[in-house]
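Q: turn this into a model:
(one chain, ligands or ions: 2)
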Amino acid sequence: MLPPRAELIRDLAEWLPRQRWFGGKDGPIDELTIGTATELRTGDPALHHLVLDVRQNGTTDHYQLLLGVRRDLPDRLRHVEIGRDAGGTSSTGGKRVRVYDAAHDPDLTRTLLAALADGASIGPLRFHHAGGARIRTDLASLPITAEQSNTSLLFGDAYICKLFRRLSQGVNLDLEVNLALTRQGCAHVPAVHGWIELDPGEPGAEPVTLALLSDYLHTGADGWSLAIASVRDWFAYPLPAGDEWAELDAAVAGGDFAAEAERLGAATAQVHRALADAFGVTTVPAAEVRALAARMNAELTATCRAVPGLAPHAKALTGAFLDLAARTAPLAVQRVHGDYHLGQVLRTESGWALLDFEGEPARTQSERRALAHPLRDVAGMLRSFEYAARFLITKAGTVPTESGPHLETRAHAWAARNRAAFCRGYAAAGGADPAAHAVLMHAFEFEKAVYEVRYEARNRPAWLPVPLTSLAHLTA
Ligand SMILES: Nc1ncnc2c1ncn2[C@@H]1O[C@H](COP(=O)(O)OP(=O)(O)O)[C@@H](O)[C@H]1O
Ligand SMILES: O=P(O)(O)O[C@H]1O[C@H](CO)[C@@H](O[C@H]2O[C@H](CO)[C@@H](O)[C@H](O)[C@H]2O)[C@H](O)[C@H]1O
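A: Ligands and ions are numbered 1, 2, ... in the order given. Model prediction:
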């Protein structure tokens, strides 16, 4: 009972740009078509799996959607209805039906668990069970509320199912890496239970990964929330006169995160070692490193054009990229995390776990798959300490105003303390010592900061001051 295609397409084209996970917000949709439509459950409610082909500015991206169809929409699903703002509900054969994002409907998402447990094939969709314990099918789902580029569903406290929104050709990096690390027995990633793929139906073409079912680490607290709580306590400590606070013993000030930061550094080094064991290490010659530095600088130039607030820092950043280009030694590269920040790590009762090996959402697939020096991840996490330290300052009203003038200095001290602890933990656990690789670290950190400026300008303009203020500090 799908509504007429033309009507559905019109409603989807209106709804899609408003979704957090839609990657094409900076331009209009030129054409939207339904690439594949697979009925996963008949009746009322019905569940359809859609791949939407979205053409923008000469390129076509593919997004997946679980489309729920009901004659009557319960109140609990009104907020995910598609088509309401475009002129009301859709109609089919004179009878009105309501369509909505079924990721929010536990009556329908059960279908996915059952198909995964059975290792089913439905149309072009292939459901895989990773082996090991049978997948439970009696659990209701709840979408997580975290800021996400995808949509993840919790099934009880057993599983988390990540539905990849923007689809890419070939095996998804998150699946590939997590499966390899699970098979290696790596304790710092959630074990994989199953995955869903789309068979493109062309001989020789690789399947497209649609979803990944993993252990839900239900005792986990995400690194970003822990860090923000620490910064809040750090700011709340009564200010001594002048700048004396900088000398304070952090343990006295309360809210210290440094021990966790150090353990996180150690876990990061262990995952880098496991990635090297699973996928290997290679070296790239100095000429390729020069090309990398040139790409970093080209991105800087393009981003300065789009975000003029970055321009005052351009000279310092170019200097760091030139230093990288002047390096004459070959560079050891391997698979890395690729988009490493505090929101990608969970503190569980048994230590830190790393999530989301998909790379940066704003990059192309081949860029995400490219091998890199592991210190690129270290630089990513150092940027995240910069972000966490300044987040509360940019959120007006969350810190006492009388401490305002001192806050940036305090933030800087919090970031410096935790950056140092993380690097200490990383080097002590066998990772390359960041202190001994200043040229690489500066270049990687500035590269990430440029990416962040572009990312924030596009996705969260209110956050733009965070990377810009941090850059002002780092380049001063
Ligand atoms: N295995 C897991 N156990 C517990 N929570 C998880 C797990 N995987 C993801 N999460 C939670 O979901 C959030 C988003 O997951 P992530 O894989 O980073 O998605 P995205 O790629 O869409 O950003 C994480 O920040 C974390 O809070
Ligand atoms: O988690 P994603 O894969 O969606 O990564 C993207 O979004 C992140 C924000 O949600 C963004 O990270 C930036 O903001 C974080 C705070 O929200 C901060 O901790 C990171 O250091 C900062 O880079 C990430 O860059 C982007 O790719």
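Q: so which residues on the stretch 351-476 of the chain come close to ligand 1?
A: Selection of the stretch 351-476 of the chain residues close to ligand 1 by Cβ under 6 Å from any ligand atom yields 355, 356, 358. In short, each C-beta sits where N, CA and C put it, glycine included.
Q: mind listing what the first one touches?
A: Contacts of residue 355 were listed using Cβ atoms under 8 Å, 6 or more residues apart in numbering, and they are 189, 190, 344, 345, 346.
Q: same check on the last one?
A: The contact partners of residue 358, by Cβ under 8 Å, 6+ apart, come to 149, 164, 172, 173, 174, 338, 339, 368.
Q: find the helix or strand that it is a member of.
A: Using DSSP states H and E, no element contains residue 358; it sits outside every helix and strand.
Q: so for it, what's the pLDDT?
A: Looking at residue 358, its pLDDT stands at 88.
Q: how about the residues of this structure near ligand 1?
A: Neighbours of ligand 1 within the chain, by Cβ under 6 Å from any ligand atom: 144, 146, 148-150, 152, 160, 162, 190, 214-217, 220, 222, 343-344, 346, 355-356, 358.
Q: what's the ChimeraX syntax to select whichever of those are buried?
A: A single ChimeraX command selects the buried members of the residues of the chain next to ligand 1 (16 or more other Cβ atoms under 10 Å):
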select :148,149,150,152,160,162,190,214,216,217,220,222,343,344,346,355,356,358
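Q: quick check: what element follows the helix ranked longest in the chain along the chain?
A: Taking DSSP state H as the criterion, the chain has its longest helix at helix 404-428. Counting by DSSP H and E, the element after helix 404-428 in chain order, helix or strand, is helix 438-459.
Q: how far off centre is that next one?
A: Helix 438-459 sits 15 Å away from the centroid of its parent chain (Cα atoms, centre = their mean, to the nearest Å).
Q: residue 157 belongs to a helix?
A: No - with DSSP: H, G, I helix; E, B strand; the rest coil as the criterion, residue 157 is coil rather than part of a helix.
Q: next step: the residues of the chain next to ligand 1 restricted to strands.
A: 152, 160, 162, 214, 215, 222, 346 (DSSP state E).
Q: show me where the protein has helices.
A: Under DSSP H, the chain gives helices at 5-15, 106-118, 173-183, 223-236, 250-253, 258-279, 286-306, 314-325, 365-369, 375-394, 404-428, 438-459, 465-475.
Q: what comes up buried for the last one?
A: Read it as helix 465-475. 466, 467, 468, 469, 470, 471, 473, 474, 475.
Q: which residue is the nearest non-sequential neighbour of the second one?
A: Closest residue in space to residue 467, ignoring its immediate chain neighbours: residue 452 at 4.1 Å, by Cβ to Cβ, 6 or more residues apart in numbering.
Q: per-residue confidence at that neighbour?
A: pLDDT for residue 452: 96.
Q: will you turn the buried residues of helix 465-475 into a markdown table that also has pLDDT and distance to ligand 2?
A: Shown next, in a markdown table, are these (pLDDT from 0 to 100; distance: Cβ to the nearest ligand atom, whole Å):
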| residue | pLDDT | distance to ligand 2 |
| --- | --- | --- |
| 466 | 90 | 8 |
| 467 | 93 | 7 |
| 468 | 93 | 13 |
| 469 | 87 | 13 |
| 470 | 87 | 9 |
| 471 | 92 | 12 |
| 473 | 84 | 15 |
| 474 | 87 | 13 |
| 475 | 89 | 17 |
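Q: from the residues you listed, pick the one nearest residue 33.
A: Among these, residue 467 lies closest to residue 33 (Cβ to Cβ), at 36.6 Å.
Q: what's the spacing between residue 75 and residue 81?
A: To residue 81, residue 75 is 11 Å away according to Cβ to Cβ, to the nearest Å.
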